[in-house]
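Undergrad: build me a structure from this.
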Amino acid sequence: MTNTLPRTLPFASDSPLAVLLGIATDTMGPDEAEQRDDAETAAAHHVYYAYPVTLACVVDAVDWQGYPSVTVDGRRLEPSAVAWLDGGAWLHHTLNITVDDGAQDVLTLVVPCTCGRGYVDITLDTEGVLVDVLTDLAPTQGRSPHLTESAVDCGSIRAAAALYPAVS
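TA: Here you go, the predicted model:
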């Protein structure tokens, strides 16, 4: 197929059409790099203000790795950021955006199960909830107790590679 677009614009760069096309281009939304940066900034900001006594003391802004929005099983997932804690545990932050409520931070602690076959995700609402969760996880060195014989307890999290494409 040959390129049929002219090499020069058929209108002046400051014409009303050029301005309108520029506005349309600007409203297309952030590119993947901007989405990653925005996700990292949102996560660091949320942790700094909502968890000043705990997470803000150990997770710095540079610890967050941002990911652009993805579509999984027909659902669009907002950009997110992950901070690795050690021992197989990590934090996952995203924004839940709705027309009615706007954007709300969603911070999830993801910990390995004591059975070694999977992970358990724990949504953190407040710093008090985090302290309670950590108190429960302390006897198992940060692993979630496997409560039943089925793998349902720890199968809630798929591998990160399945959710996010490789980031170069």
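
Undergrad: need the longest helix for the protein.
TA: If you go by DSSP state H, the chain has its longest helix at helix 32-50.

Undergrad: counting contacts, what elements does it pack onto?
TA: When contacts are defined as 3 or more CB pairs under 8 Å, 6 or more residues apart in numbering; DSSP states H and E, helix 32-50 packs onto helix 55-58, strand 64-67, strand 80-86, strand 89-98, strand 102-112. (Glycine included, C-beta is placed from N, CA and C.)

Undergrad: which ones are touching residue 141?
TA: Residue 141 is in contact with residue 87, counting by CB atoms under 8 Å, 6 or more residues apart in numbering.

Undergrad: for it, give me phi and psi.
TA: phi 50, psi 40 (degrees, to the nearest 10).

Undergrad: and it, how far is that from residue 134?
TA: 11 Å (CB to CB, to the nearest Å).

Undergrad: residues touching the nearest residue to residue 60 once chain neighbours are set aside, list them.
TA: Spatial nearest neighbour of residue 60, excluding adjacent residues (CB to CB, 6 or more residues apart in numbering): residue 44 at 7.6 Å. The neighbours of residue 44, taking CB under 8 Å, 6+ apart as the test, are 59, 60, 61, 64, 81.

Undergrad: and these, which is closest to residue 34?
TA: Each of the contacts of residue 44 was scored against residue 34 by CB to CB, and residue 81 proved nearest at 13.2 Å.
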